[in-house]
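1. I would like to see how this sequence folds:
(chains A and B)
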Amino acid sequence: MTLRRMIPMWIAVIGGFVMLLSAFVRPIEGIGENFADAFNVIAAIAVALGAGSLLKVNLSKISRREAGWGFAGVILITFAITLIVGLLKIGVHPSHDFPAALFSGKQETADSPFGWLYEYAMVPLTSTMFALLAFYVASAAFRAFRAKNVEAVLLLVTAFIVLLGRTFAGVVLTGWLPDWASGLRFENLSVYVMQVFNTAGNRAIIIGIALGVAATSLRILLGVDRSWMGGGDSA
Amino acid sequence: MVLGACIGFAKAAAGQVAQHPAQPAAISQTALQAAQPAPTLLKESRLPLFTWILGIAIATTIFVARARGGKPPTIRRIAALEAVDEAVGRATEMGRPILFIPGIQDMDNIQTVAGITMLGRVAKTAAEYDAVIEAPTSRSLVMEAARDAVQASCLAAGRPDAFQPDRINYITDEQFGYAAYVGGKMMREKPAACFYMGCFFAESLIFAENGNAIGAIQIAGTAESSQLPFFVAACDYTLIGEEFFAASAYLSGEPDQLGTLQAQDATKLAILMFIVAGTLAATIAAVMPSADFFAKTSAFLQRAMGN
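-> Numbers count the residues shown, from 1 in each chain, chains lettered A, B, ... in the order given. A predicted model of the protein is given here:
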């Protein structure tokens, strides 16, 4: 194995074991936190690499007039504006505690240009993307709930019960049922489906995931699986 | 690890020794503290979890040794992983790129690590088939890890020239900003195959529905149980939870890695037995309050499961 692969592997093995043990062993609690801090420092340094990549890719896209090069221009302009306004704290008043210090004010406040950009550009754009999900959910549900076979019919009926049970329509439709049959009301059936069938299935998946996480972590920590470094190399 | 613990102990001991001569008034307080029970080495509240992890580690060691001894386990066929070659082949035939999304979390998330592992496998196949792979990332560190993985895979495939670093680029940390970029890229470039392997949240459906709209073959894998229904509804193949983590071992076919999967199954069987025994004990204890044995058994099993 070359040093290029051996060094990252040993960093992962030592760091991983220390992090794991620091969750259980009292005397080394702090060491685990140190590793977490070291990760944050590395991630912060890597932001410069990310910014460099962003500039390089988008500038080359513009110079080559690739499909969507106009969007690349928008990315670069907005990136530059946000970076300059944020780093130089343009329009930010000094803090009351340190009025003589030029950069002592907080830029996150809504009255600063940086805060304005966040509040009136970032938040609406994010909300718009999130709102699109409603249409995507509708189109995905339309495909998923097509009664093609027995399983699909079961899914459709269950979804119908849960959806109706969580709206006022369900209460209106089955509200007339007497108390002794109240378990058949849509709102109660919906709770029953979610708390019994859904919880049971979900917990089974979560137990599998937890074991998968533990097994994958052990494979990496024991050096059995080194394919995360690429090349399909294992033990 | 041991050295670190020793240093920690040494520092703590040195601190106490240094304080004693300088603070004689604190001696009585120290004596009082000494009278109290000393904290144990292990955190008691996490002892059940520690025992389970130890159990998984022991099972892993046993089954890996068994697999090395010439008894590799038989693994059931996972359709999503069998379809990787088909997806890459389709992209090659159509002359369109492969899009790989390694989730939106950083490298400290095990799902991202599993996603990068899958990227390495897909990149190796893509290099062998001479297909183009693109991986926009939402974290700078993931971009670097992905570049390393793809470069190593291209080298392993004997095609170092197939590595194009600019095709693996950083976009933004912002969740929906990243979703908007990927959605737009899908619509413009129409990749023939889309892989979503990692940690996803609300953007999962945006990716999967866009991929569906352009007619791409889609393979997803995540351990976020809340996003699994969206992937199942919109993708051709989905690696559900543990299948996603088993992907690397499955694709490698190495006895060592397959042994860890067997250990995982053995632990799952043990958990199942605990759940069944606990349910029975709790039910009998509820029906027969005089049966003290079952109440105690139920309480013990609950503690053993970390409750």
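
2. please, where are all the strands along chain A?
-> With DSSP state E as the criterion, chain A has no strands.

3. kindly apply the preceding question to the stretch 151-300 of chain B instead.
-> For the stretch 151-300 of chain B, the strands defined by DSSP state E, counting those that start in this stretch occupy B:193-197, B:217-222, B:237-240.

4. any regions of chain A where pLDDT drops low?
-> Residues of chain A that meet the criterion pLDDT under 70 lie in A:1, A:230-235.

5. mind listing the helices for it?
-> Along chain A, counting by DSSP state H, helices occupy A:3-22, A:29-63, A:69-87, A:113-117, A:123-144, A:150-165, A:168-174, A:186-192, A:199-221.

6. is the shortest one positioned near chain B?
-> What it means is helix A:113-117. No - Helix A:113-117 lies out of reach of chain B by C-beta under 8 Å from any C-beta of the partner chain, never closer than 12.7 Å. C-beta here means a position set from N, CA and C on the backbone, and glycine is covered the same way.

7. contacts for that helix, please.
-> Helix A:113-117 is contacted from outside by A:81, A:82, A:85, A:86, A:89, A:90, A:91, A:92, A:107, A:108, A:109, A:110, using C-beta atoms under 8 Å, 6 or more residues apart in numbering or on different chains.

8. just the buried ones from those residues, in ChimeraX syntax?
-> Selecting only the buried entries of the contacts of helix A:113-117 in ChimeraX, with 16 or more other C-beta atoms under 10 Å in any protein chain shown as the criterion:
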select /A:82,85,86,89,92,107
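
9. show me which of the contacts of helix A:113-117 is closest to chain B.
-> Distances from chain B to those, taken as C-beta to the nearest C-beta, are shortest for residue A:82 (10.7 Å).

10. quick check: chain neighbours aside, which residue is closest to that closest one?
-> Setting aside the residues directly before and after it, residue A:82 is nearest to residue A:117 in space (C-beta to C-beta, 6 or more residues apart in numbering or on different chains), at 6.2 Å.

11. for that neighbour, give its distance to residue B:44.
-> Computed as C-beta to C-beta, to the nearest Å, the residue A:117 to residue B:44 distance reads 50 Å.

12. quick revisit: switch the contacts of helix A:113-117 over to JSON lines; also include distance to residue A:141.
-> Shown next, in JSON lines, are those (distance: C-beta to C-beta, whole Å):
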{"residue": "A:81", "distance to residue A:141": "39"}
{"residue": "A:82", "distance to residue A:141": "37"}
{"residue": "A:85", "distance to residue A:141": "42"}
{"residue": "A:86", "distance to residue A:141": "40"}
{"residue": "A:89", "distance to residue A:141": "47"}
{"residue": "A:90", "distance to residue A:141": "46"}
{"residue": "A:91", "distance to residue A:141": "46"}
{"residue": "A:92", "distance to residue A:141": "46"}
{"residue": "A:107", "distance to residue A:141": "42"}
{"residue": "A:108", "distance to residue A:141": "39"}
{"residue": "A:109", "distance to residue A:141": "42"}
{"residue": "A:110", "distance to residue A:141": "38"}
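
13. and for residue B:108, nearest residue in space, chain neighbours not counted?
-> Leaving aside its sequence neighbours, residue B:108 sits nearest to residue A:39 (C-beta to C-beta, 6+ apart; 5.6 Å).

14. let me fix that: residue A:56
-> residue B:166 (6.9 Å).

15. ok, residue B:182 - contacts?
-> Counting by C-beta under 8 Å, 6+ apart, residue B:182 touches B:99, B:101, B:136, B:171, B:203, B:206, B:207, B:210.

16. if we go to 6 Å?
-> Taking C-beta atoms under 6 Å, 6 or more residues apart in numbering or on different chains, we find residue B:182 in contact with residue B:207.

17. same question, residue A:209
-> Listed by C-beta under 6 Å, 6+ apart, the contact set of residue A:209 reads B:223, B:241, B:242.

18. got a winner among those residues for most neighbours?
-> residue B:223 (29 neighbours; other C-beta atoms under 10 Å in any protein chain shown).

19. residue B:122 - how many residues pack around it?
-> Around residue B:122 there are 27 other residues, counting by other C-beta under 10 Å.

20. next helix or strand past the strand or helix carrying it?
-> Using DSSP states H and E, the element containing residue B:122 is helix B:110-129. Next helix or strand after helix B:110-129 toward the C-terminus (DSSP H and E): strand B:133-134.

21. tally up the residues packed near the nearest residue to residue A:54 once chain neighbours are set aside, please.
-> Of all residues not flanking residue A:54 in the chain, residue B:170 sits nearest, at 5.7 Å (C-beta to C-beta, 6+ apart). Neighbourhood size, residue B:170 [other C-beta under 10 Å]: 25.

22. again with the one 3 residues further on
-> Neighbour count of residue B:173, defined by other C-beta under 10 Å: 16.

23. picking that back up, what angle separates the helix holding residue B:122 from helix A:3-22?
-> 160 degrees (axes from the mean of the first three to the mean of the last three C-alpha atoms, to 10 degrees).

24. quick one: helix B:110-129 near chain A?
-> Yes - contact of helix B:110-129 with chain A is found when judged by C-beta under 6 Å from any C-beta of the partner chain, involving B:110, B:113, B:116, B:117, B:120, B:124.

25. got a markdown table for those, with pLDDT too?
-> Below are those laid out as a markdown table (pLDDT from 0 to 100):
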| residue | pLDDT |
| --- | --- |
| B:110 | 92 |
| B:113 | 92 |
| B:116 | 93 |
| B:117 | 90 |
| B:120 | 92 |
| B:124 | 93 |
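
26. between the residues you listed, which sits nearest residue A:10?
-> Proximity of the residues of helix B:110-129 next to chain A to residue A:10 was ranked by C-beta to C-beta; the top entry is residue B:113 with 16.1 Å.

27. list the buried residues in the helix or strand harbouring residue B:100.
-> Element membership of residue B:100 [criterion: DSSP H and E] is strand B:98-101. Judged by neighbour count using 16+ other C-beta under 10 Å, the buried positions of strand B:98-101 are B:98, B:99, B:100, B:101.

28. cross-check these against chain A and keep the overlap.
-> Applying C-beta under 6 Å from any C-beta, the subset of those adjacent to chain A is empty.

29. so residue A:43 touches residue B:140, yeah?
-> No - contact criterion C-beta atoms under 6 Å: residue A:43 and residue B:140 do not qualify, at 7.2 Å.

30. between the two, point out the one with more neighbours.
-> residue B:140 (25 against 18).

31. quick one, what contacts that one?
-> Neighbours of residue B:140 in contact, by C-beta under 6 Å, 6+ apart: A:46, A:47, A:49, A:50, B:170.

32. swap in 8 Å and give it another go.
-> A:43, A:46, A:47, A:48, A:49, A:50, A:51, A:53, B:170.

33. how about residue B:174?
-> By C-beta under 8 Å, 6+ apart, the contact set of residue B:174 is A:122, A:126, B:138.

34. phi, psi of it?
-> For residue B:174, the backbone dihedrals (degrees, to the nearest 10) come out as phi -70, psi 120.

35. what's the pLDDT at it?
-> On pLDDT, residue B:174 comes in at 94.

36. separation between it and residue B:270?
-> Applying C-beta to C-beta to residue B:174 and residue B:270 gives a distance of 43 Å.

37. likewise residue A:105?
-> Going from residue A:105 to residue B:270 by C-beta to C-beta gives 58 Å.

38. which one of the two has more residues nearby?
-> Set residue A:105 next to residue B:270 and count neighbours by other C-beta under 10 Å: residue A:105 wins out with 18 against 14.
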